[in-house]
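> Structure of the sequence below:
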Amino acid sequence: MNRYKTDVVALRKLMIERGFMTNIALAQAAGTDRKTIGKVLNGTARPSAELMDKLAMALQMDSATAGAIFFTVDLRNT
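Residues are numbered from 1 along each chain as shown. A predicted model of the protein is given here:
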């Protein structure tokens, strides 16, 4: 089991703060499929390292923010 999860609430908040109002807009900016973004934002899929990098760039995240969002400790699996 994976000890980490994506903080989808923080990810959605940052998405809106950066002006991305739809999954499609974020997917286009990140250069990925909207269905993949949807799965990540719904918490049903963990992003790959490549997707994390694309999202971090599209959302202009610094490394601390990206780490906090993509590597939140999943207390259910500790």
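
> quick one: what helix or strand has the residue most central in space within the chain in it?
Nearest residue to the geometric centre of the chain (C-alpha atoms, centre = their mean): Leu11, 5.3 Å. Element membership of Leu11, judged by DSSP states H and E, is helix 8-17.

> Double-check the residue nearest to the centre of the chain against Val40; I have them as touching.
Yes. Leu11 lies in contact with Val40 (C-beta atoms under 8 Å); the separation is 7.4 Å. Bear in mind the C-beta positions are built from the backbone N, C-alpha and C, glycine included.

> between these two, what contacts are shared?
Shared contacts of Leu11 and Val40 (C-beta atoms under 8 Å, 6 or more residues apart in numbering): Leu55.

> Surely Thr65 is in contact with Leu11?
No. The pair Thr65 / Leu11 is not scored as a contact, 9.9 Å apart, by C-beta under 8 Å.

> Neighbours of Leu41, how many?
By other C-beta atoms under 10 Å, the residues close to Leu41 number 17.

> residues contacting Asp74?
Counted by C-beta under 8 Å, 6+ apart, Asp74 has contacts Asn2, Arg3, Tyr4, Lys5.

> From those, pick the one nearest Arg76.
Proximity of these to Arg76, judged by C-beta to C-beta, is greatest for Lys5, which lies at 8.5 Å.

> So that closest one versus Ala64, what's the distance?
18 Å (C-beta to C-beta, to the nearest Å).

> Neighbour count for those two, which is higher?
Counted by other C-beta under 10 Å, Lys5 and Ala64 do not tie: Lys5 has more neighbours, with 16 against 8.

> related to what we said a few turns ago, the helix holding Leu11 - contacts with which helices or strands?
If you count contacts as 3 or more C-beta pairs under 8 Å, 6 or more residues apart in numbering; DSSP states H and E, helix 8-17 packs onto helix 34-42, helix 63-70.

> buried sites along the helix or strand following that helix?
As assigned by DSSP H and E, the chain's next helix or strand after helix 8-17 is helix 23-30. Within helix 23-30, the residues that count as buried by 16 or more other C-beta atoms under 10 Å are Asn23, Ala25, Leu26, Ala27, Ala29, Ala30.
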